[in-house]
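J.: Build me a model from this:
(3 chains)
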Amino acid sequence: MRTTAGELANFLGVQLVGNAERILVGIAKIEDAGPREVTFIANPKYNKFLFTTSAGAIILKTAPKEEKEKGKVVYLISADPYSTFLKTLEFFHPPEPKQPPGIHPSTVIADDVILGKGVSIGPLCVIEEGVRIGEGTILRSQVFLGKKVIIGKDCFFHSRVSVREGCEIGNRVIFQDGAVIGSDGFGFAPQESEYRKIPQVGKVIIEDDVEIGANTTIDRATMGVTRLCRGVKIDNLVQIAHNVVIGEDTVISAQSGIAGSSSLGKHSMLGGQVGINGHIRLSDGVMIAAQSGVNRDPGPNKIIGGYPAREITLWRRIEASISRLPEYVKRIRQLEEKLKE
Amino acid sequence: MRTTAGELANFLGVQLVGNAERILVGIAKIEDAGPREVTFIANPKYNKFLFTTSAGAIILKTAPKEEKEKGKVVYLISADPYSTFLKTLEFFHPPEPKQPPGIHPSTVIADDVILGKGVSIGPLCVIEEGVRIGEGTILRSQVFLGKKVIIGKDCFFHSRVSVREGCEIGNRVIFQDGAVIGSDGFGFAPQESEYRKIPQVGKVIIEDDVEIGANTTIDRATMGVTRLCRGVKIDNLVQIAHNVVIGEDTVISAQSGIAGSSSLGKHSMLGGQVGINGHIRLSDGVMIAAQSGVNRDPGPNKIIGGYPAREITLWRRIEASISRLPEYVKRIRQLEEKLKE
Amino acid sequence: MRTTAGELANFLGVQLVGNAERILVGIAKIEDAGPREVTFIANPKYNKFLFTTSAGAIILKTAPKEEKEKGKVVYLISADPYSTFLKTLEFFHPPEPKQPPGIHPSTVIADDVILGKGVSIGPLCVIEEGVRIGEGTILRSQVFLGKKVIIGKDCFFHSRVSVREGCEIGNRVIFQDGAVIGSDGFGFAPQESEYRKIPQVGKVIIEDDVEIGANTTIDRATMGVTRLCRGVKIDNLVQIAHNVVIGEDTVISAQSGIAGSSSLGKHSMLGGQVGINGHIRLSDGVMIAAQSGVNRDPGPNKIIGGYPAREITLWRRIEASISRLPEYVKRIRQLEEKLKE
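T.: Predicted structure coming up:
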C-alpha cells in the first residue's frame, strides 16, 4: 500500500501540517519508524521521540511550535491520536479477504448440523451431531466442535481449537489457536485410598465479544455453567476452572489461573501468572499485579499485589522492608547488645 | 429425564421423607437448585441453606426436626449423601451412548496396527506403525499416536491428544483435549557458546486409572522412563519434565510444574501453579499450597507452603509477620531513638 | 543393538581398560545401569557410584587405581566423557529412518506452495497459499502453516504445530507438539467501558537452530517483529508475548512468560515459571532463578532471584531472614519490654 500524506489525511479526516506530497508506505512504532512510515504519539511519555524519530508522518494532538526541519516530517493532527492511528493501521493493513463461505471437502461434518448464511468451515475440521453455527462464522482449520455445540454469528476460530459437547458461544467471539473450551472440570471424590471421577455434566457459556488466547483451557462446570461474560479478553495459556464466572469486560493476562467456583467482577484486570484461589468472589474493578496470589476479595476497585495479595501500596512498602530485612536484623542485634551494656 | 421423588428414592435405595409424588427433573448445587431439582448436603457448612434453598429434594444424613413447610421439600436420607448424590447425577445424566466401534474412514492408520475388541477411532486421527490399542478404548477426534505406542483397555482420548513414539499407556486412562505425552525432554549440552541437543531416547509410561488435563505436557525421559503411577490425576496446563516419577494417587492442580528427574511420593496433593525443583525426591503424602516453590523434601505427610516452601504453620506465621513488617521497622527505629536518649 | 566393549571402544575412538569381549546392549544413568549397559561419569559428584554401580562399562576420564573386581567392569577412557557418552547414545539409538519425502495424500495443500528437495509432509496437515518450505524439512502430522509462511531447511515439526500467516522460520528449527507460533498479540484499546481489538499486523521471526517446546505460544508482533534469535531453546508451556526479542543462545525453562515488548539478552538462562514484566530490556548473560518476577535489568551476567528479583546472594540472605521473621518479632518485643523497665 502506497499513498501520499495528503491522501491519508483526507481518508482519516484530519488536518495536515507539512508536505502533503510525502510518500507513505506503512506504519511503525515511533522508535522504529522510517521516513516512509507513519507513527503516532498518544502517550506524552513518547514526546521525547518527537524530534529524534525518523518517521515520515506523526499523528498527534498538536504540532510542535519549533519544527524539526521544515518539510522533514508531516504532522497529522487528531484529538484522539490513538484511534486515528488504529484507522491508519487498517488503511495500510486492510483485513485479509474473508475465507469464502462453504465447507471444505476434507472436513467431517454430521448430517444434522445447521449452518447460518455465509458460514465458512476450513479443512480437516470435525463437526459433531446437533451443532448449530451462526451466520458469518469462520473456522480456519482443524477445529473440533463436539455434539450440540451452539456457535453465534461472526465468530472466528483459528487453527486447532476444540469446543466440547454442549458448550454455547455467543457472537463475534475470537479463538486463538489450540484453545480448549469445555474440557472436564478437575473433580474427584476420595474413596478410601483412590479417587473416583465425578461426572462433569455442566457446560461453558461464552457471551458476545469475548477473545480467548492460544492454548488457553476453560473447563466445563461440574453442574451448571462456567461463564465468560460479554467482552472478556483472555490471553494465552490461561486456566479457567469449573464453575468459574468472569464478569463483563474483564481482562486476564497470560498464564493466570482461576480455581474452581470462583468469580471475578466486571472491568477487572489481572496481570500475568496470577493465581486466584477457589470458592472466592471478587468485586468489580479489581486490578491484580502480575504473579500475585489472591485468596480473598479486596473490595471494589482495589489494586492489589503480592502473595498473598494485599493492597498495592502496603505491598510496595512490605517489599521495600523485605529488601532491607538483613539490615534490620543487624539493627536488632545492635540494640540487644547496647541494652546488655 | 423426569421422575418422581419416590421412583428416585427407590432407584437410590434410600429412605424418603415427604411427598413421594413430587416431580424431579435434574440436579443442582444447593444455592442454585429450583423446585424440580435435587441437591445434597454432605458438608455441614452448607446446613445454612437447609431452610432457604428452593430445591425440590435434598439428599442428607438426617431430616431436620422442624420442617420448613409441610410438603414443600423432600428429604432423601443417606448415610453417605455425597455418594448418593453421585448416583443421582448419573441417573439424570446417563453416560452418552458410546462412540460405535470401528475406524472412521478419514483416519490415517498404518497397516500393522493391532486393535482390541470394540476399539473406536474417531475422525482425522493419525495412528503410526506398530501401535497397539487395547479393547474398548475410544479416540474421539484428531488424535495422534506415534510409532509403537501401546495403549491399554478402556482408555478415552478427547480431541487433539498426541502420544509420541514408544510411549506406553495403561488401562482406563483419560486424556483431556490437547494433552501432549512424550515430547522431547529439555536437554542441551553446552558447546562453547552454543547448545547441542541431547537425543531424548527414553519414553513415558502412564499406569492404570490416570487422568491427564487439557493442554498438559509430559516429556519423555532422556534415557529410561518418565512415569505416572496408578491413579495419578493431573489438571490442565501442567508440565511434567523428563525422568520425573509421580507416585500413586497423587493429585496435581493446574499450571504446576515438576522439573527434570524429580519424584513425588504417593497420595500427595499439589495446589495450582506449584513449582518443584529438579533432582529432588519428595516423600509420600506431602500437601503443597498453591504457588509454592519446593526445593527439598519436607518429609512424609507434611503440609507446606510458600516460596521456598516451609511447613505451613511456620509459613502462615511468617506471612503474618511480613504483613506487619513496615510496623516492625518503625518499632526498631523507635527503640533506637529511645536508646539514644 | 548388541556389541562388545572392544567394538564400542573402537567406534568411539577411546582407550579400553578391562574385558574387550564384554557384551553391551544399551545405555543408562549410573544409578540405573545393569551389567550389559554403558554409563558415564562426567561430573565428579557421581564418583560415589563408581564402585557400587552394576554397569557393564563406564566412560570416564581416568580408570580408578583400585579396581572393583578384576573383569567386572570395563572402563572407556575419554578426555570428554559427556561427549563420548552422547556418541554412545547415538550408537545404541541411531536416528529413526527419516520420514520419506513427499506429501501424504490426506494433507490439504494450496496449489502455489513451493517445496525444497526432500521435503516430507505427513498426514492431515494444512498448508495454505504462498507457503515456502526449504529442503529437508519434515512435518510429522496435523501441522498447520498459514498463508505465506516461510520455513527454512531441515526443520522438524512434531504433531499438531501451528505457524500462523506470514511468520518466518530459519533452518534446523525443531517444534515440539502443539506449539503455536504467530497467534495474535494481546492488544486491546479501552473504549469507554469496552475494549476494541487492536489489529495485530506484525509477525514472528525464528532464526536458525531454535527449539520450541510442546504447547508453547509465541505471539506475533502488534507491528513489526517478535524475534527469537539463533540458538534460542524454549521449553514447554512458555508464553512469549508480542514484540518480544530473545537474544542468541538464551534458554527458557517451562512455564515462564515474557510480557509484551521486552527483550532478553544473549546467553541468558531462565528457570521455570519465571515472569518478565513488559517493556524492559535485559542485559546479556543474565541468569534467573525459577519462579522469579523480573521488573528491571540487573545488568550483564548477573544472577538474580525472588519476587521481585534481586541479586541472588541478597535474595538468599533475605530468604534466610524471612524464615526467622517470627523470631525477630519476638526479639523486638523483648527489647521494648526491657526498655520500659
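
J.: Low-confidence regions, the stretch 51-200 of chain A specifically.
T.: Within the stretch 51-200 of chain A, the stretches with pLDDT under 70 are A:67-71.

J.: Helices of that one, residue ranges please.
T.: Assigned by DSSP state H, counting those that start in this stretch, the helices in the stretch 51-200 of chain A fall at A:81-92.

J.: which parts of it sit against chain C?
T.: Within the stretch 51-200 of chain A, the positions adjacent to chain C are A:82-83, A:86, A:89-90, A:92-93, A:95-96, A:104, A:106, A:122-124, A:140-142, A:158-160, A:174, A:176-178 by CB under 8 Å from any CB of the partner chain. From N, CA and C alone the C-beta is placed, and that goes for glycine too.

J.: And those residues, which of them are buried?
T.: Among those, those classed as buried by neighbour count (16 or more other CB atoms under 10 Å in any protein chain shown) are A:83, A:86, A:89, A:92-93, A:104, A:106, A:122-124, A:140-142, A:158-160, A:174, A:176-178.

J.: Just read off the phi/psi values of the closest residue to A:Gly285 other than its chain neighbours.
T.: Nearest residue to A:Gly285, sequence neighbours excluded (CB to CB, 6 or more residues apart in numbering or on different chains): A:Asn301, at 3.8 Å. Main-chain dihedrals, A:Asn301, degrees, to the nearest 10: phi 60, psi 20.

J.: okay, A:Asn301: pLDDT?
T.: As predicted, A:Asn301 sits at a pLDDT of 98.

J.: Domain map for chain A?
T.: Annotated domains of chain A cover A:3-92, A:102-315 [automatic domain parsing].

J.: Pull up the residues of the stretch 1-150 of chain A that are close to chain B.
T.: Residues of the stretch 1-150 of chain A lying near chain B (CB under 8 Å from any CB): A:106, A:108, A:124, A:126, A:142, A:144, A:146-147.

J.: Next, give me the two most distant ones among these.
T.: A:Ser106 and A:Lys147 (20.7 Å; CB to CB).

J.: returning to that earlier point: please identify which of the residues of the stretch 1-150 of chain A next to chain B is nearest to C:Gly170.
T.: A:Gln142 (24.8 Å).

J.: which ones among the buried ones among the residues of the stretch 51-200 of chain A next to chain C are found in strands?
T.: Cross-referencing those against strands under DSSP state E gives A:Ile174.

J.: residues contacting the nearest residue to A:Arg296 once chain neighbours are set aside?
T.: Sequence neighbours aside, A:Ile280 is the residue nearest to A:Arg296 in space, at 6.0 Å (criterion: CB to CB, 6+ apart). Taking CB atoms under 8 Å, 6 or more residues apart in numbering or on different chains, we find A:Ile280 in contact with A:262-263, A:294-297.

J.: for A:Trp315, same thing?
T.: A:289, A:304-306, A:309.

J.: Need these in CSV (columns: neighbour count and secondary structure).
T.: Formatted as CSV, the contacts of A:Trp315 follow (neighbours: other CB atoms under 10 Å in any protein chain shown; DSSP: H, G, I helix; E, B strand; the rest coil):
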residue, neighbour count, secondary structure
A:Ala289, 21, coil
A:Ile304, 23, strand
A:Gly305, 25, strand
A:Gly306, 22, coil
A:Ala309, 24, coil
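
J.: got the residues you listed as JSON lines, with distance to chain B and pLDDT columns?
T.: Formatted as JSON lines, those follow (distance: CB to the nearest CB, whole Å; pLDDT from 0 to 100):
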{"residue": "A:Ala289", "distance to chain B": "14", "pLDDT": "97"}
{"residue": "A:Ile304", "distance to chain B": "13", "pLDDT": "98"}
{"residue": "A:Gly305", "distance to chain B": "13", "pLDDT": "96"}
{"residue": "A:Gly306", "distance to chain B": "9", "pLDDT": "94"}
{"residue": "A:Ala309", "distance to chain B": "11", "pLDDT": "95"}
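
J.: quick one on the thing from earlier: would you mind listing the two of the contacts of A:Ile280 that lie farthest apart?
T.: A:Ser263 and A:Asn295 (14.2 Å).

J.: Which of these two has more residues huddled nearby?
T.: Shown here are A:Ser263 and A:Asn295; by other CB atoms under 10 Å in any protein chain shown, A:Ser263 has more neighbours (19 against 16).

J.: any idea how far that one is from B:Leu24?
T.: A:Ser263 sits 28 Å away from B:Leu24, going by CB to CB, to the nearest Å.

J.: Contacts only, for A:Gly152.
T.: A:134, A:137, A:169-173, A:208.

J.: Return the members of these classed as buried.
T.: Buried members of the contacts of A:Gly152, scored by 16+ other CB under 10 Å, are A:134, A:137, A:169-173, A:208.

J.: now, the most widely separated pair of these?
T.: Farthest pair in the buried ones among the contacts of A:Gly152, by CB to CB: A:Thr137 and A:Asp208, 12.8 Å.
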